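Peer 1: Structure here, sequence nowhere to be found:
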């Protein structure tokens, strides 16, 4: 009755299996890679499309 159960953060981290942390790290790296590659692919295309729309002679008001 007099004993108080104390759990230190070091003990709780050491009881977690190591592979759980590794899986989350791998998932985060994969998601970050997908985001970076998507932006690399689509950002230049979007800037080219916007440039071509702005410089299109059909949009100019002077005929």
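Peer 2: All right, it came through fine. Keep in mind the model is a prediction, meaning the values are calculated, not measured.
Peer 1: got any ranges where the protein has weak pLDDT?
Peer 2: Where the chain drops to pLDDT under 70, the residues are 1-21, 59-63.
Peer 1: for it, longest helix please?
Peer 2: helix 18-54 (DSSP state H).
Peer 1: Pull the number of nearby residues for residue 40.
Peer 2: Using other CB atoms under 10 Å, residue 40 has 9 neighbouring residues. (C-beta placed from N, C-alpha, C; glycine too.)
Peer 1: Likewise for residue 29?
Peer 2: Residue 29, neighbours per other CB under 10 Å, totals 10.
Peer 1: do the same with the one 10 residues further on
Peer 2: The burial metric for residue 39, expressed as a neighbour count using other CB under 10 Å, is 11.
Peer 1: Equivalent analysis for residue 22, please.
Peer 2: Neighbours of residue 22 using other CB under 10 Å come to 10.
Peer 1: which residues does it contact?
Peer 2: Contact analysis of residue 22 by CB atoms under 8 Å, 6 or more residues apart in numbering lists nothing.
Peer 1: Residue 28 versus that one, what's the distance?
Peer 2: 11 Å (CB to CB, to the nearest Å).
Peer 1: For these two, list the residues in contact with both.
Peer 2: With CB under 8 Å, 6+ apart, residue 22 and residue 28 have no common neighbours.
Peer 1: just to revisit the earlier point, may I see the buried residues of the longest helix of the chain?
Peer 2: Buried residues in helix 18-54, counted by 16 or more other CB atoms under 10 Å: none are found.
Peer 1: Many thanks, we can stop here.
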